[in-house]
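Asker: mind looking at a prediction? Sequence and model below.
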Amino acid sequence: MHALSRLVPEVRQYLLVTGNYWAFTLTDGALRMLVVLHFHRLGYTPLQIAALFLFYEIFGVVTNLVGGYLGARLGLNRTMNIGLGLQVAALLMLTVPAAWLTIPWVMGAQALSGIAKDLNKMSAKSSIKLLVPDSQQGTLYKWVAILTGSKNALKGVGFFMGGALLALLGFAGAVLAMAAVLALIWLASLMLLKKDLGKAKAKPKFRDLLSKSRAINLLSAARLFLFGARDVWFVVALPVYLSSVFGWDFWLVGGFLATWVIGYGMVQSFAPAITGKASGRVPDGRAAFVWAALLAGVPAAIALGLGTELSAQVVLLGGLLIFGALFAVNSSLHSYLIVSYAQEDGVSLDVGFYYMSNALGRLLGTLLSGWVYQAYGLAACLWISSAFVLLAMLISLGLPRHRALGSL
């Protein structure tokens, strides 16, 4: 605590925000794996298990929109702490006797967790804008990339943690342990996080929720299709395919996907070096177009490869690694651009609107993943994925080009 107090205030606040985000992300990933494994063991069908997360995604759309408004009016420290508190409540809801864990009850807990997650994420991403001067765009990009990449890597770690806690403590014990630890972090955050961080000087009106600049509208639309392109085959179609076609057991599927998410997060953290930071450049709209163009053909190539005599495992797993690396760079680049484009006063309004589009893309991709895979198979999901990335690429043509900004 003493060492923390000696740091530059901006760095201290960044570490507090990042620590909050990391702690939340670990419980979020672990909770998802706990719910999947526990209810799978109880005999729930895949469709029933998927339904448990439906409210999690739907409420994420609403929360990002309204949460940005609340962040601008109340301050980002408050919305972040509200998110932590709601996650503790969601975890405690799942510690009830097993007979109470009906589908509606668990869906309610997941809805609360979805609200908490998006309040926490919106607050963390928005806060960074206020901690880095506009003249230091390279530093901003680096801090955003570290926050985004570490979050996804830790989400993968959370998958492993959820399985381990379930084996060691059982479902109720695991959830209670996570709630206790997160409650302590929440109390520390209430005391240490800067008051009124991100609170708008002028009180925003409710109509400001949808009043955005052209750059933010375009970037939000591109983000919707980018994340729809990932989830249309990754969320439902891929795990089911690995299990039913390759014959992988549940632990192998879960372990592989967790490892993929960790690797994906690590690539996100290194995105500034990959996209030209070492040569003194920060990305702009042209970079978003170029990286989307590199990604667009990968799902289609996998779909074509699965129709040949090549080994399906080599084609799919090799293609998935390439897709993950390129998608990670695209995602990290987008995360920097929204923070860069957002207005400093009331930053959470812009960031919340953008992540609402992100949540819409996830929801669209999730729904299509189940329906298209069941009706037409994995190849159809992959073709839709390529089409979505192409749309994101074309939308990115309208994004502004930067001048060289700030020190790196």
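Answerer: Nice, I can see it. Note that the coordinates shown come from a computational prediction; the quantities given were computed from them, not determined experimentally.
Asker: let me see the mean pLDDT of stretch 62-80.
Answerer: The average pLDDT for stretch 62-80 rounds to 75.
Asker: so for that stretch, what gets flagged as buried?
Answerer: Of all the residues in stretch 62-80, those buried under the rule 16 or more other CB atoms under 10 Å are 63-80. Where you see a C-beta, it was placed from the backbone N, CA and C, and this is true even at glycine.
Asker: then stretch 89-99?
Answerer: By neighbour count on 16+ other CB under 10 Å, the buried set for stretch 89-99 is Ala90, Leu91, Leu92, Met93, Leu94, Thr95.
Asker: switch the residues you listed over to a markdown table; also include distance to Thr25 and pLDDT.
Answerer: Formatted as a markdown table, those follow (distance: CB to CB, whole Å; pLDDT from 0 to 100):
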| residue | distance to Thr25 | pLDDT |
| --- | --- | --- |
| Ala90 | 14 | 93 |
| Leu91 | 14 | 93 |
| Leu92 | 19 | 94 |
| Met93 | 20 | 93 |
| Leu94 | 18 | 91 |
| Thr95 | 21 | 91 |
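Asker: between those residues, which sits nearest Ala179?
Answerer: Nearest to Ala179 out of these is Leu91 (CB to CB; 3.8 Å).
Asker: coming back round to it: among the buried residues of stretch 89-99, which are in helices?
Answerer: Using DSSP state H, the members of the buried residues of stretch 89-99 that fall within helices are Ala90, Leu91, Leu92, Met93.
Asker: which ones are touching the third one?
Answerer: In this structure, Leu92 makes contact with Val175, Leu176, Ala179, judged by CB atoms under 8 Å, 6 or more residues apart in numbering.
Asker: what of the second one?
Answerer: By CB under 8 Å, 6+ apart, the contact list for Leu91 reads Thr27, Leu31, Ala109, Ser113, Val175, Leu176, Met178, Ala179, Leu182.
Asker: ok, the third one - contacts?
Answerer: This points to Ala109. Applying CB under 8 Å, 6+ apart, one finds that Ala109 lies in contact with Ala90, Leu91, Met93, Leu94.
Asker: now the second one
Answerer: Leu31 sits next to Ala90, Leu91, Leu94, Ser113, Gly158, Gly162, Val175, Met178 when contact means CB under 8 Å, 6+ apart.
Asker: can you get me a residue count around Gln343?
Answerer: Residues lying near Gln343 (other CB atoms under 10 Å) number 14.
Asker: thought it was touching Ile216?
Answerer: No. Using CB atoms under 8 Å, Gln343 makes no contact with Ile216, being 9.1 Å away.
Asker: anything in contact with each of the two?
Answerer: Residues touching both Gln343 and Ile216 (CB under 8 Å, 6+ apart): Asp350.
Asker: which strand or helix spans the residue nearest to Leu226 when sequence neighbours are not counted?
Answerer: Leaving aside its sequence neighbours, Leu226 sits nearest to Ala392 (CB to CB, 6 or more residues apart in numbering; 4.5 Å). Assigned by DSSP states H and E, Ala392 falls within helix 378-396.
Asker: roughly how far out does that helix sit from the chain middle?
Answerer: In this view, helix 378-396 has its centroid 19 Å away from the chain centroid, taken as CA atoms, centre = their mean, to the nearest Å.
Asker: that one - what's its average pLDDT?
Answerer: 96.
Asker: for it, buried residues please.
Answerer: Across helix 378-396, burial judged by 16+ other CB under 10 Å covers 378-393, 395-396.
Asker: and if you look at stretch 111-122?
Answerer: Residues Ala111, Leu112, Ser113, Gly114, Ile115, Ala116, Lys117, Asp118, Leu119, Asn120, Lys121, Met122 are the ones in stretch 111-122 that count as buried (16+ other CB under 10 Å).
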